[in-house]
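1. Provided below for reference: sequence and predicted model.
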Amino acid sequence: MNLKSERRGIHVDQSELLCKKGCGYYGNPAWQGFCSKCWREEYHKARQKQIQEDWELAERLQREEEEAYASSQSTQGAQSLTFSKFEEKKTNEKTRKVTTVKKFFTASSRAGAKKAAEEKTPKQGQLGRERNADNILRDLKEIFTPSWELSSPSEALAGKLKEIQEAKAPSPSIHRQASIETDRVSKEFIEFIRTYQKPGQDIYKQCKLFLDTMSHKRDLSIEEQSECAQDFYQNVADRLQTRWKVPPEKVEKAMDEVEKYIMTRQYKYVFCPETTDDEKKDLAVQKRIRALHWVTPQMLCVPVSEEIPEVSDMVVKAITDIIEMDSKRVPRDKLACITKCSKHIFNAIKITKNEPASADDFLPTLIYIVLKGNPPRLQSNIQYITRFCNPSRLMTGEDGYYFTNLCCAVAFIEKLDAQSLNLSQEDFDRFMTGQTSPKKQESDSFSPDVCLGVKQMCKSLDLLSQLNERQERIVSEAKKLEKDLIDWTDGITKEVEDIVEKYPLEIKPKSQALAAIDSENVENDKLPPPLQPQVYAG
Amino acid sequence: MATGAGAAAGGRSFSFKVVLLGEGCVGKTSLVLRYCENKFNDKHITTLQASFLTKKLNIGGKRVNLAIWDTAGQERFHALGPIYYRDSNGAILVYDITDEDSFQKVKNWVKELRKMLGNEICLCIVGNKIDLEKERHVSVQEAEMYAESVGAKHYHTSAKQNKGIEELFLDLCKRMIETAQVDERARGNGSSQSGIARRGVQIIDDEPQVQSSGGCCSSG
C-alpha cells in the first residue's frame, strides 16, 4: 500500500521541471522527467531492447520446458488444441482492454519468462501468430494508453508483455478480464507448483479443470458453489496424500497456495453475490454498529485502558487490521487479518493487565474493536470465508479460533440489548434514540491524572451547557406564552365578531319597529304624562 | 525419509478440538496455562494469550494434536456458546468447588451440549480449586453422581498445586480417540476417509516417511 502511494506521488522540484535531456522544454514526472518528445524516444529505445531480451529468454525457457515435459504431456497438448477457439476470442478481448495495464510488474523479464515457461506445449505456428498480435497490440497501445499509466518503460512493457502472453495462453480458465493481481497470483502459483514436480503438475491441472467447471456453474446457488469448492479442496488434499504421497506439512502448504490461486480468480463471482442477501445483512450490521456508537468500554467490561499510549496504539492497529480484511481476496488472507487484529488485542490486554489474555478478556475487547472500527461488508466477508476457506484451517487452527470469535462478536452486536450492557431498559432506549449520550453523564468521573484546569473547564462547559439548556427552555416558554396571548386576543376578537355577525340584523329591525309604532301615534304630544308614580307606589 | 516399515502400524494422527466452558472465575485459564505451560500466576508467563492453546501428545504411538478453545464465561455471552462448541470433539466443563452457582452453570452447559451435539462429544466435568477443600460447597458425591447420570466423567483438579490436570487431559484424549475410531468404523473404513474429514474432525492417515522425519517428540 505504502509503496504504491509513494510511487504515485508526484514530487515537483525546480530541477525536475525541465526535461532531463536538457532540450529546454518542460518535463513531466509521468514521463520520468522527460518532455513528451524525448520521452517517446527513450521509451521506444528501451522497449525495443526489452522486447528483444524478453523474447530471447522466453524462447529459451520454452525450449527447455518443451524438452522437460515432452515425455509426459501428450494429454495437455490435445487440450490446448481444443481450446483454440477460446484463444481467438480472448485476443479480441485483450485488444479492447489495453488501457487497463498498470505499473505493477517490476521484475519484468523474469515475469515474462515464467509466464512463458508456463506454456507447456509451444507451437511454431502459434509463435508466429503471437508476433503478429504483438505488433497490433503495440500500435493499439500507443494510441490508447494515457501517458500517466506509462510510469516507466520497463514497467509498462512488462504489463504489455504479460498481455501478449495472456493473449496466447491456450487455456480457457484464465479469466478474460484477469486483473493485475490475478496475474501476479497465478505467476506465484506456477512458480510454487513447480517446486512440487509431478504432483505439482497434477494440482495445476486439477485447478484449471476446477476453474473451468466453475465458470459453467455460475448459475448455481452460492451454497452449491461452496460445496463444489469444499469438495475440490478435499479431493486435491486426498490426491496429494494418497496418490502422490506428499507429506502432510507440504500438503498443507500446497493447499494454501491452491486456495489462493483459485479464490483470487473466483472472488468477484462469489464474494457477496447478488443471489444472496449478504449485502442487505452488511448494511444492517453497519447501521446497527452506527446506532451503537455510544457504547463505552466500561459497559462491555473491556479490560483495556486506552489511556496508556501503547495500548491505544494497539487498539488503533487492531482496528486497522480488521478494516483491512475487506481488501483481501483470498479467504486465508482475510483470516490472517483477523489473526493480526487479535494479536494486537492480546497485546493491548497484556500491557493493561500484565497477564495472558483469556477468552473472558478477549471477546469483549474484540466486540469493542468491531464497534469502533465498523469494518466494511462484515457479513459478506464472514460468509465468504465460511463458504470458501479451506475447512481444515477454519475448523481447527488458531485462525479458526479468532474467526469464530469474530462471528461471536457480530452475533453479540446483532442481539445486544440493555441487559447485555448492564443498563436499564430506559437508559438503553434513550441512548439508542440519541436523546442522551453516556459520555456526558460520566464527565464528572475523571481519571485522577487529569489536570485541575481541564476538570474546571469540563465543569464550566457542563454548567454552560446546562445554562444554555435552561435559556433555551425559557425562550421557548416565552415564545409559547406570546403565542398563547396572541391566540387569546385573536380568539376573543373572533368570538366578538361572530356574535356581531350573528346578532346585528335582529337588533336593527327591532328598534325601527319600535319607532314605527311610536310614529303612528300622531297625537302623542297631546297625551297627558303617564301616571308612573302611582304605579311605583302600587 | 528412510525406513518406516514398522512405523506404519501405529502411524495415526488425530486432531481434536476441545472447548473449555465454565463461569467467569472458576479458573479455566489457569487450568490450561498449567497444562500447556506448566505455570500458575507466574510473572514470567511468556504466552501472549491463554484463549487458544495447542498441545501435542503421543498416546500409544498415536499422535494427537489438541486445540484447546477457551470460551468467554460471562453470562451475557452465554447465547454464543453454540458458535464456539460447534464441531468440537470434547468439552471440559469447569466449576469451582467453593461456588455452588458455578456447578449449576455446568449443569446448564451439559444440557445444552447434549441437546446440540448428542453423544458425539466427550464431556469432562471438572471441580477445580481442590486446594481450597475447606471451603468446599459442592459435595463430591453429588458432583460425581451427576456426572455419571449424564455420561460424563468427573475430575478433581487444582491448577495452583498442579493436581489432576495431566490425568484429565490424557483421559480425555483417550476417550476422544476411542470415539473417533468407533465413528470411523461405523462409517466404514478406507474409502470414506475423505468424507469424514470434511468440515469436521481431521483424521489424517500419516505416511510412514513422516513418522521418522517429522519427529514425534512432544510427550503427553
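-> All right, it came through fine.
2. State which helix of chain B is the longest.
-> Using DSSP state H to define each element, chain B has its longest helix at helix B:165-186.
3. could you dump that helix to CSV, C-alpha only?
-> What follows is helix B:165-186, C-alpha atoms only, in CSV (Å, rounded to 0.1, in the frame of the first residue of the first chain):
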residue,chain,number,x,y,z
ILE,B,165,-4.6,-31.9,35.3
GLU,B,166,-2.4,-34.2,33.3
GLU,B,167,-4.7,-37.1,34.1
LEU,B,168,-7.7,-35.1,33.0
PHE,B,169,-6.3,-34.3,29.5
LEU,B,170,-4.8,-37.7,29.0
ASP,B,171,-8.0,-39.4,29.8
LEU,B,172,-10.0,-37.1,27.6
CYS,B,173,-7.7,-37.7,24.7
LYS,B,174,-8.0,-41.5,25.1
ARG,B,175,-11.8,-41.2,25.1
MET,B,176,-11.8,-38.9,22.1
ILE,B,177,-9.6,-41.3,20.2
GLU,B,178,-12.0,-44.1,21.0
THR,B,179,-15.0,-42.1,19.9
ALA,B,180,-13.2,-41.2,16.7
GLN,B,181,-12.3,-44.8,15.9
VAL,B,182,-15.8,-46.0,16.6
ASP,B,183,-17.1,-43.3,14.4
GLU,B,184,-14.7,-44.2,11.7
ARG,B,185,-15.6,-47.9,11.9
ALA,B,186,-19.3,-47.0,11.7
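4. Show me what that helix packs onto, helices and strands only.
-> Helix B:165-186 is packed against strand B:12-22, helix B:28-37, strand B:52-59, strand B:62-70, strand B:90-96, strand B:122-128, strand B:153-156, with contacts defined by 3 or more C-beta pairs under 8 Å, 6 or more residues apart in numbering or on different chains; DSSP states H and E. Glycine gets a C-beta too; all of them are placed from N, C-alpha and C.
5. residue ranges with poor pLDDT in the chain?
-> All of this refers to chain A. Counting by pLDDT under 70, chain A has low-confidence residues at A:1-16, A:29, A:69-178, A:396, A:439-450, A:504-525, A:530-538.
6. sorry, should have said chain B
-> Where chain B drops to pLDDT under 70, the residues are B:1-11, B:43-45, B:188-220.
7. And the residue nearest the centre of it?
-> Centrality entry for chain B: nearest residue to the mean C-alpha point is residue B:18, 4.2 Å, by C-alpha atoms, centre = their mean.
8. Next one: it from residue A:403, what distance?
-> Taking C-beta to C-beta, to the nearest Å as the measure, residue B:18 and residue A:403 are separated by 18 Å.
9. What of residue A:303?
-> In this structure, residue A:303 and residue A:403 are 22 Å apart, going by C-beta to C-beta.
10. So for these two, which residue has more residues nearby?
-> Using other C-beta atoms under 10 Å in any protein chain shown as the criterion, residue A:303 and residue A:403 rank with residue A:403 on top: 24 against 18.
11. on that earlier part again, need the nearest residue in space to the residue nearest to the centre of chain B, chain neighbours excluded.
-> Sequence neighbours aside, residue B:90 is the residue nearest to residue B:18 in space, at 4.3 Å (criterion: C-beta to C-beta, 6 or more residues apart in numbering or on different chains).
12. what do you get for residue A:296?
-> Distances taken as C-beta to C-beta, 6+ apart put residue A:438 closest to residue A:296, at 5.8 Å, once the chain neighbours are dropped.
13. Now do the same contact list for that neighbour.
-> A:294, A:296, A:299, A:427, A:431 (C-beta atoms under 8 Å, 6 or more residues apart in numbering or on different chains).
14. Look at residue B:91 and say how many residues are nearby.
-> Other residues close to residue B:91 by other C-beta under 10 Å number 25.
15. Surely it touches residue B:113?
-> Yes. Residue B:91 is within contact range of residue B:113, at 5.8 Å (criterion: C-beta atoms under 8 Å).
16. Name the single longest helix found in chain A.
-> Selection of the longest helix in chain A by residue count, based on DSSP H, yields helix A:452-502.
17. So for stretch B:136-144, what gets flagged as buried?
-> Within stretch B:136-144, the residues scored as buried using 16 or more other C-beta atoms under 10 Å in any protein chain shown are B:138, B:143, B:144.
18. And the second one, how close does it get to residue A:485?
-> Spelled out, that is residue B:143. Residue B:143 is 78 Å from residue A:485, by C-beta to C-beta.
19. next one: residue A:380
-> Here residue A:380 is placed at a distance of 60 Å from residue A:485 (C-beta to C-beta).
20. higher neighbour count, the two?
-> A count of neighbours by other C-beta under 10 Å puts residue A:380 above the other of residue A:380 and residue A:485, at 19 against 10.
21. does that one count as helix, strand or coil?
-> Classification of residue A:380 by DSSP: H, G, I helix; E, B strand; the rest coil places it in helix.
22. so who does it touch?
-> When contacts are counted by C-beta under 8 Å, 6+ apart, residue A:380 touches A:271, A:272, A:278, A:279, A:281, A:282.
23. From the residues you listed, keep the buried residues only.
-> Buried subset of the contacts of residue A:380 (neighbour count, 16+ other C-beta under 10 Å): A:271, A:272, A:278, A:281, A:282.
24. number of nearby residues for residue B:87?
-> If you count neighbours by other C-beta under 10 Å, residue B:87 ends up with 19.
25. doesn't it fall inside a helix?
-> No. According to three-state DSSP, the state of residue B:87 is coil, so it is not within a helix.
26. Ramachandran angles for it?
-> Reported as degrees, to the nearest 10, the phi and psi values for residue B:87 are phi 60, psi 20.
27. ok, it to residue A:63 distance?
-> 51 Å.
28. try residue A:367
-> Remark: distance between residue A:367 and residue A:63 (C-beta to C-beta) = 60 Å.
29. Same drill for those two, tell me which one is more crowded.
-> Legend: neighbour count by other C-beta under 10 Å for residue A:367 and residue A:63, higher for residue A:367 (26 against 11).
30. Can you classify the more buried one by secondary structure?
-> For residue A:367, the assignment made with three-state DSSP gives helix.
31. tell me the contacts of the residue lying closest to it once chain neighbours are set aside?
-> Closest residue to residue A:367 apart from its sequence neighbours, by C-beta to C-beta, 6+ apart: residue A:409 at 4.5 Å. Taking C-beta under 8 Å, 6+ apart as the definition of contact, the neighbours of residue A:409 are A:363, A:366, A:367, A:370.
32. Show the contacting residues for the first one.
-> The contact partners of residue A:363, taken as C-beta under 8 Å, 6+ apart, are A:405, A:408, A:409, A:412, B:72, B:77, B:80.
33. isn't there a helix covering it?
-> Yes. Assignment of residue A:363 by three-state DSSP places it within a helix.
34. List the residues that contact the closest residue to chain B within the stretch 201-350 of chain A.
-> Taking C-beta to the nearest C-beta as the measure, the point where the stretch 201-350 of chain A comes nearest chain B is residue A:346, at 4.3 Å. Contacts for residue A:346 (C-beta under 8 Å, 6+ apart) come out as A:356, A:357, A:362, B:48, B:49.
35. residues making contact with stretch B:157-175?
-> The set of residues that contact stretch B:157-175 without belonging to it, under C-beta under 8 Å, 6+ apart, is B:16, B:18, B:27, B:30-31, B:33-35, B:38, B:40-41, B:55, B:57, B:59, B:64, B:66, B:90, B:92, B:122, B:124, B:126-131, B:153, B:155-156, B:220.
36. ditto for stretch A:387-396
-> A:222-223, A:225-226, A:229-230, A:233-234, A:237, A:252, A:255-256, A:259, A:263, A:266, A:270, A:331-332, A:335, A:385-386, A:399-400, A:403, B:15, B:17, B:65, B:67, B:87, B:197-200, B:202.
37. among those residues, which ones are buried?
-> Using 16+ other C-beta under 10 Å as the threshold, A:222, A:225-226, A:229-230, A:233-234, A:237, A:252, A:255, A:259, A:263, A:266, A:270, A:331-332, A:335, A:385, A:399-400, A:403, B:15, B:17, B:65, B:67, B:87, B:197-198, B:200, B:202 are the buried ones among the contacts of stretch A:387-396.
38. Perfect, I'm done here.
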